[in-house]
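A.B. asks: for reference, the sequence and a predicted model appear below.
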Amino acid sequence: MGVYLVRGVLLSALLLPVGALQADEPPAITIIIDDMGNHQAQGLAALELRGAVTYAFLPHTPYAAALAEKAHGLGKEVMLHLPMDAHEGNALGPGALTLHMTEVQFKRTLLDNLNAIPHVSGLNNHMGSLLTRHPGAMGWIMQALTAARSGLYFIDSRTTRETVAQQVATEYGVPNTRRDVFLDNDPAVDAIEKQFSVLLQRARLQGYAVGIGHPYPQTVEVLRRVFTRLKSQNIQLISASAMIELQQRRNSWPEPSFPLLKVAKSSKP
């Protein structure tokens, strides 16, 4: 009976989400506010959100540098929101990376963008449904990131299901994670509230979740309200860099303190 009991416990553990195995730490969410820098009033309102919200700034936009400085002064984490080629041919704005660039142009543009935003800790893609499908272009980004500054991370906004961005980041050893939920593709208040509930459900299921929104008045209104309930819901709000560290910690399986059964060994790839 003892062997079957141990086998059952192991099998149950393998079937649970990794985050669910960490009973001593509450589920965590990260909120990234994209598209910062074009509108001063909206940006300032978004910066008033309490807690460890992360802000992603479009390069070379009128208010990006000043708002990033203010965000840093408030103890908020700052990211570069990097424009990338979109499959639909959308207008990308200044500092965009495209498939038509040479490697030198591509990496120089990325470095200029990083230098345009003070206190950058990492970046995520703005659009990019075309560029993030290409391993070569993603490789150039990861090479430039590691060469520019130690510790810069990458977050895949996942604007296409065909993205390879996070996979390439991992291959290059760049700290990374991915977006789980877009909060305000529909900017109606009730739709944003529903998406935030989806984010919390995902966090409870896997132990963590990353949500991306924008500095819309409706989004700020909803977040201001729902943030007041996080403590009572046993949900922690953490920065993007803290989320990457948390995921790395939770996804690292400790060495077992007893020999694994053959059935468990044979299940490994």
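C.D. replies: Yep, that arrived. On a predicted model such as this, the values are computed, not experimentally measured, just so you know.

A.B. asks: who touches the residue nearest to V226 when sequence neighbours are not counted in this structure?
C.D. replies: Leaving out its chain neighbours, the residue that sits closest to V226 by CB to CB, 6 or more residues apart in numbering is F196, at 5.5 Å. Every residue, glycine included, has its C-beta placed from N, CA and C. F196 sits next to 183, 211, 222-223, 226 when contact means CB atoms under 8 Å, 6 or more residues apart in numbering.

A.B. asks: I212 - that's part of a strand, no?
C.D. replies: Yes. Assigned with DSSP: H, G, I helix; E, B strand; the rest coil, I212 falls within a strand.

A.B. asks: pairing partners for it in the sheet, please.
C.D. replies: Listed by DSSP bridges, the beta-bridge partners for I212 are I32, F182.

A.B. asks: neighbours around the residue lying closest to I192 once chain neighbours are set aside, how many?
C.D. replies: In space, and not counting its chain neighbours, I192 is closest to V222: 4.5 Å by CB to CB, 6+ apart. Using other CB atoms under 10 Å, V222 has 22 other residues around it.

A.B. asks: give the rounded mean pLDDT of the longest helix anywhere in the chain.
C.D. replies: Longest helix in the chain, counting residues (DSSP state H): helix 189-206. Mean pLDDT, computed over helix 189-206, is 98.

A.B. asks: how about the strands in the stretch 1-150 of the chain?
C.D. replies: Using DSSP state E, counting those that start in this stretch, the strands of the stretch 1-150 of the chain run over 28-36, 54-57, 77-84, 120-127.

A.B. asks: most packed of those?
C.D. replies: Highest mean neighbour count of those: strand 54-57, a mean of 29 (counted as mean count of other CB atoms under 10 Å).

A.B. asks: for that one, enumerate the helices and strands it packs against.
C.D. replies: strand 28-36, helix 64-73, strand 77-84, strand 120-127 (3 or more CB pairs under 8 Å, 6 or more residues apart in numbering; DSSP states H and E).

A.B. asks: now the ones you listed as CSV including mean pLDDT and distance to Q218?
C.D. replies: Conversion of the helices and strands packed on strand 54-57 to CSV gives the following (pLDDT from 0 to 100; distance: least, CB to CB, whole Å):
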stretch, mean pLDDT, distance to Q218
strand 28-36, 98, 13
helix 64-73, 98, 20
strand 77-84, 98, 20
strand 120-127, 98, 20
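
A.B. asks: for T159, find the nearest of those.
C.D. replies: Among these, strand 120-127 comes nearest to T159, with 5.9 Å by CB to CB.

A.B. asks: that closest one pairs with which strands?
C.D. replies: Applying DSSP bridges to the sheet, strand 120-127 is found paired with strand 77-84 (parallel), strand 153-156 (parallel).

A.B. asks: which residues are in contact with it?
C.D. replies: Here strand 120-127 makes contact (CB under 8 Å, 6+ apart) with 32, 34-35, 56, 58, 68, 77-86, 90, 92-93, 114, 131-132, 145, 151-157, 159, 165, 175, 179, 212, 240-241.

A.B. asks: repeat that for stretch 213-230.
C.D. replies: Outside stretch 213-230, the residues that touch it by CB under 8 Å, 6+ apart are 29, 31-36, 39, 42-43, 45-46, 48-51, 53, 182-184, 187-189, 192-193, 196, 236-237.

A.B. asks: which among the residues you listed end up buried?
C.D. replies: Neighbour-count burial (16 or more other CB atoms under 10 Å) applied to these gives 29, 31-36, 39, 42-43, 45-46, 49, 53, 182-184, 189, 192, 196, 236-237.

A.B. asks: re the thing from before, can I get the CA coordinates of the longest helix of the chain in CSV?
C.D. replies: Extracted C-alpha coordinates of helix 189-206, given in CSV (Å, rounded to 0.1, in the frame of the first residue of the first chain):
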residue,chain,number,x,y,z
VAL,A,189,-15.6,49.4,-18.1
ASP,A,190,-17.6,46.1,-17.8
ALA,A,191,-15.3,44.5,-20.4
ILE,A,192,-12.2,45.5,-18.5
GLU,A,193,-13.6,44.3,-15.3
LYS,A,194,-14.4,40.9,-16.9
GLN,A,195,-10.8,40.7,-18.3
PHE,A,196,-9.4,41.5,-14.9
SER,A,197,-11.4,38.6,-13.4
VAL,A,198,-9.9,36.4,-16.1
LEU,A,199,-6.5,37.5,-15.0
LEU,A,200,-7.2,36.6,-11.4
GLN,A,201,-8.5,33.2,-12.4
ARG,A,202,-5.4,32.5,-14.4
ALA,A,203,-3.2,33.6,-11.4
ARG,A,204,-5.0,31.3,-9.0
LEU,A,205,-4.7,28.4,-11.5
GLN,A,206,-1.0,28.7,-12.3
